[in-house]
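[1] Provided below for reference: sequence and predicted model.
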Amino acid sequence: MRFVFSMAAGCALSLLAGCATETMMEDGQRRETDRSVPAIMAKAETSPVVSSDDAADDPAIWINPANPAASLVLGTDKQSGLYAYRLDGGVAAYLPVGRLNNVDVRPLADGAIVVATNRSDETVTVFTVQDEGINEIARIPTIRPEPYGVCLGIAGGAFTAFVTHKTGEVDLYPLLTVEGQATPSPIMPWTIELGEQLEGCVVDEQNSQVFVGREEGGIERFRLTTDGTLSDGEMIDRVGSDNGIVADIEGLSLYAKDDGTGYLVASSQGNDTYAVYDRLTGAYLGRFRIAPGDEVDGAEETDGLDVTSRALPGYPEGMLVVQDGFNDDGNQNFKYVDWRDVRTVLSLD
């Protein structure tokens, strides 16, 4: 369902004090945002994607190790291709490579590997990122139609794409060795069937776990085995629980600290909020929302998100990037959030 955001009269100056806002639905009914959910504001936003209507979907943050100021936010336009945004939100590059839905990135010794689910030709499209730019290097055909979500991580000694599907499967495609060499082709993935619509996922190989979003069910954690498969699934939160998450559960990402601790961040699309959990225990720590500010509008009906704990210019404790389903200034785009604001509003360590 599509929504149109509007500010309730008199609330502009009192959002942080708990003033309610309203969202206009297609049937003309208004729903009131939960007054108990604290609000923060985005610090910056990207240029809109070129496609209209429901187009922007999922971001991924690439940290340039040699020059953090040259780091990029990759973002999909699921009607046309892949964007690379600078930290000021401007467009650094645009690749019209097809209907990319989700994207993820992991560092390599001389840059990074990027994977995206491409629904134009039903492939996992693979890119590299280096100082000189972004280059497509391969397209891996998927074993089933309409690849949907994707997350990238090291499993069984290889960089592996975890591809999720609306039909409930998670397919694991080993793509590159940890030394950056291509795995043998054709690739036959390992599959787990979960039986309901999936999209967001994130790999935490440091703690041998993978989080998967069941869009209408909740968030499930799996153990990552040494042979690169998944086992021992457990739900850490459910749609409709007292914690307040609702369908659809969309983007998932890890605020990962070097010592293995940190936080899981999830998009609760149906009530325009973001839930935070302990990375190790899965304990729920709170929710927040992104409200309109003086220069940047808020974020509603978020699909994908990404977060990093690495220091960046203007974001000394890291940044959160979320898709905005209702950008006030044109087509959909992505909002940048200072992690210090999340930490403060939820009283995180």
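    Okay, I see it. Residues are numbered from 1 along each chain as shown.
[2] and stretch 207-221, how far out from the chain's middle?
    Centre-to-centre, stretch 207-221 and its host chain are 13 Å apart (Cα atoms, centre = their mean, to the nearest Å).
[3] Can you give me the first-to-last residue distance of that stretch?
    Length of stretch 207-221, first residue to last, Cα to Cα, to the nearest Å: 11 Å.
[4] tell me which residues of it are tucked away?
    Residues 207, 209-215, 217-221 are the ones in stretch 207-221 that count as buried (16 or more other Cβ atoms under 10 Å). C-beta: built from backbone N, CA, C; applies to glycine.
[5] what's the most distant pair in those?
    Taking Cβ to Cβ, the two most distant members of the buried residues of stretch 207-221 are Asn207 and Glu215; they sit 24.2 Å apart.
[6] which regions of the protein lie under the pLDDT threshold?
    1-35, 184-186 (pLDDT under 70).
[7] Spatially central residue for it, please.
    Nearest to the geometric centre of the chain sits Leu305, at 2.7 Å (Cα atoms, centre = their mean).
[8] got the contact list for that residue?
    By Cβ atoms under 8 Å, 6 or more residues apart in numbering, the residues touching Leu305 are 58-59, 250-253, 265, 267, 274, 320-323.
[9] With Ile249 instead?
    Counting by Cβ under 8 Å, 6+ apart, Ile249 has contacts 200, 213-219, 239, 266-269.
[10] Repeat that for Gln79.
    Ser51, Ala55, Arg99.
[11] neighbours around the second one, how many?
    Counted with other Cβ atoms under 10 Å, the neighbours of Ala55 add up to 20.
[12] how far away is it from Phe334?
    Noted for Ala55: a distance of 12 Å to Phe334, by Cβ to Cβ, to the nearest Å.
[13] swap in the first one?
    Using Cβ to Cβ, one gets 14 Å for the distance from Ser51 to Phe334.
[14] cool, Ala93 as well?
    According to Cβ to Cβ, Ala93 and Phe334 sit 15 Å apart.
[15] Equivalent analysis for Ala66, please.
    Counting by Cβ to Cβ - Ala66 and Phe334 are separated by 24 Å.
[16] Neighbour count: the two, which is higher?
    Just comparing Ala66 and Phe334: by other Cβ under 10 Å the higher neighbour count belongs to Phe334, 32 against 6.
[17] for that one, what are its contacts?
    Going by Cβ under 8 Å, 6+ apart, Phe334 touches Glu45, Thr46, Ala56, Pro59, Val73, Gly75, Tyr85, Val321, Val322, Gln323, Asp324.
[18] Strands along the stretch 1-150 of the chain, start to end?
    Counting by DSSP state E, counting those that start in this stretch, the stretch 1-150 of the chain has strands at residues 3-6, 22-25, 30-32, 39-41, 44-45, 56-62, 72-77, 81-85, 91-95, 100-108, 111-118, 123-130, 133-141, 149-155.
[19] out of the ones you listed, nearest to Tyr284?
    Of all the strands of the stretch 1-150 of the chain, strand 39-41 sits nearest to Tyr284, with 18.1 Å by Cβ to Cβ.
[20] strands paired with the closest one, and their directions?
    Strand 39-41 pairs in its sheet with strand 284-291 (parallel), by DSSP bridges.
[21] Measure how far whichever helix or strand comes after the partner strand is from the centre of its chain, please.
    Counting by DSSP states H and E, the element after strand 284-291 in chain order, helix or strand, is strand 305-308. In terms of Cα atoms, centre = their mean, the centre of strand 305-308 is found 6 Å from the chain centre.
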